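Q: below are the sequence and a predicted model; questions follow.
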Amino acid sequence: MLRALNSTSSSSFSKLFASRSTLLCFFHLSISSNSKKMEEHRTPSEVQTNLQSRSGRQSASLFKSSWNTKVGQSSSLNPSRRSRSPQSVESQQMQTSPKRAIGTSQEKRAGSESEEGPFDICIPANEGPVKLKKSLLQLNKEKRKELECRAEQYLRPGMVLLKKFLDHMDQVKIVNKCRELGIGSGGFYRPGYRDGAKLHLQMMCLGKDWSPESRLYDKSRSFDGAVPPEIPEELRKLVDQALNTSHKFVRKHTKNVEEIPNMSPDICIVNFYSNSGRLGLHQDRDESEESLKKGLPVVSFSIGDSAEFLYSDSRDVDKPKKVMLESGDVLIFGGHSRHIFHGVPCIKPNTGPEILIDESTKLRPGRLNLTFRQY
Ligand SMILES: O=C(O)CCC(=O)C(=O)O
Ligand SMILES: [Fe+2]
């Protein structure tokens, strides 16, 4: 499953990647540091056994999703559990009935003091440090600078990066929309697994629910029955514009009109990474067979702090390619790149646009990422 990178450098990332190659490709997201510690005591075959026991719909329910108010909080596994042998952790999982494993929504909200309420990606207006407002002149200068950086980059067949495609107002709208949806029903939660492992991000699905545990899409979330909100029309429009821009660019660049097929998104996975957030190398391959066969692209929006994004053709490669995703960037990978392995080893703190964070949205430190797909 998910096996990720606790390291922040890309070289140690790739070493970890290579050494855990048997674990990497099948699951999507990375685990919390506590769970990682637990895993480091396992032999590869033991870990493999655990992974096999997780596959399939029956065992797919999340163990217990927390509704952390603090970003990037580590899992609440207790020390005794951490020091248990893999077998005892596994047998405990087996004894837990699916209902208990999922937990009631009251249990989810109770927990520790810091695990109440849905996750808010923004700092409420009456909280956080008071910062001096910038002058209008300064703000306009920053907006202009962002626009000047707009450019398209051809990364490889089927993969295009639209630098600074989303302007300031687009980003503000996206943050506000995600915040509004994220604190409502079907909003952000920190996904976890039966064994208590937590992912290093907060997640919300739009259109359809996607479970990191089962790797299946569904109409509602298995752990609380919430139906994901629809993808807002204004976001679908931005995806459309980004795809049109990429088509024009690819046509100019390669004369190959078919290189990135068109798509109409019915799924969006929204991730919020705190500054310690990360995501293990994985493939996005849980969409329909037809969608994958046609190479319908994934369109990814980045907002807030920058992130290193690694990608490669195979999971055994030593040195994946690296690109920095900044606020406003749109990355598109479809066609021949639809099955690339990719992941986010680290977020770069304090790199997001001040004007967006301090002045317009009060987005928490970290990074918001939206990946649109067509099932
Ligand atoms: O955060 C990113 O840039 C990548 C997210 C991603 O790969 C995913 O959600 O599947
Ligand atoms: Fe992905």
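A: Cool, the structure landed. Ligands and ions are numbered 1, 2, ... in the order given.

Q: so which helix or strand takes in the closest residue to Arg285 other than its chain neighbours?
A: Nearest residue to Arg285 in three dimensions, chain neighbours excluded: Leu292, at 6.0 Å (Cβ to Cβ, 6 or more residues apart in numbering). Just so you know, the C-beta spots here come from the backbone N, C-alpha and C atoms, and that holds for glycine as well. Using DSSP states H and E, Leu292 sits within helix 289-294.

Q: CA atoms only: put that helix into CSV for me.
A: The C-alpha trace of helix 289-294 is given here as CSV (Å, rounded to 0.1, in the frame of the first residue of the first chain):
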residue,chain,number,x,y,z
GLU,A,289,-11.1,0.9,-17.7
GLU,A,290,-12.4,3.0,-20.6
SER,A,291,-11.1,6.3,-19.2
LEU,A,292,-7.7,4.8,-18.5
LYS,A,293,-7.5,3.1,-21.9
LYS,A,294,-8.3,6.4,-23.6
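
Q: what residues does the protein put near ligand 1?
A: Selection of the chain residues close to ligand 1 by Cβ under 6 Å from any ligand atom yields 28, 269, 271, 279, 284, 300, 307, 309, 325, 342, 344, 369, 371.

Q: nearest to Thr245 among those residues?
A: Thr245 lies nearest to Ser300 out of the residues of the chain next to ligand 1, by Cβ to Cβ, at 14.2 Å.

Q: before we move on, the earlier item: show only the entries of the residues of the chain next to ligand 1 found in strands.
A: Those of the residues of the chain next to ligand 1 mapping onto strands are 269, 271, 279, 300, 307, 309, 325, 342, 344, 369, 371, per DSSP state E.

Q: just the pLDDT for Gln93.
A: As predicted, Gln93 sits at a pLDDT of 29.

Q: now Phe27
A: What the model reports for Phe27 is a pLDDT of 37.

Q: give me the neighbour count for whichever residue of the stretch 51-200 of the chain sits closest to ligand 1.
A: Closest contact between the stretch 51-200 of the chain and ligand 1, by Cβ to the nearest ligand atom, is at Leu199 (10.4 Å). Counted with other Cβ atoms under 10 Å, residues neighbouring Leu199 total 28.

Q: cool, and Gly225?
A: For Gly225, using other Cβ under 10 Å, the count is 11.

Q: re earlier: how many neighbours does the residue nearest to Arg285 have?
A: Residues lying near Leu292 (other Cβ under 10 Å) number 16.

Q: what does Leu368 give?
A: Look at Leu368: counted by other Cβ under 10 Å, it has 27 neighbours.

Q: same check, this time on Val160
A: Val160: 27 surrounding residues under other Cβ under 10 Å.

Q: quick check: which element contains the nearest residue to Thr361 once chain neighbours are set aside?
A: Of all residues not flanking Thr361 in the chain, Val175 sits nearest, at 4.3 Å (Cβ to Cβ, 6+ apart). Secondary structure assigned from DSSP H and E places Val175 in helix 168-182.

Q: would you confirm that Leu238 belongs to a strand?
A: No - assessed by DSSP: H, G, I helix; E, B strand; the rest coil, Leu238 does not belong to a strand; its assignment is helix.

Q: tell me how far the closest residue to it other than its chain neighbours lies from Lys164.
A: Nearest residue to Leu238 in three dimensions, chain neighbours excluded: Asp170, at 6.2 Å (Cβ to Cβ, 6+ apart). When distance is defined by Cβ to Cβ, to the nearest Å, Asp170 is 10 Å away from Lys164.

Q: who touches both of these two?
A: Counting by Cβ atoms under 8 Å, 6 or more residues apart in numbering, the residues touching both Asp170 and Lys164 are Gly328.

Q: ranges for the helices of the stretch 251-375 of the chain?
A: Applying DSSP state H, counting those that start in this stretch to the stretch 251-375 of the chain gives helices spanning 289-294, 354.

Q: need the ones you listed in JSON lines with mean pLDDT, can you?
A: Formatted as JSON lines, these follow (pLDDT from 0 to 100):
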{"stretch": "helix 289-294", "mean pLDDT": "98"}
{"stretch": "helix 354", "mean pLDDT": "88"}
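
Q: one step back: for the helix holding Val175, name the packing helices and strands.
A: Applying 3 or more Cβ pairs under 8 Å, 6 or more residues apart in numbering; DSSP states H and E, we find helix 168-182 packed against strand 202-206, helix 233-254, strand 267-273, strand 298-304, strand 367-373.
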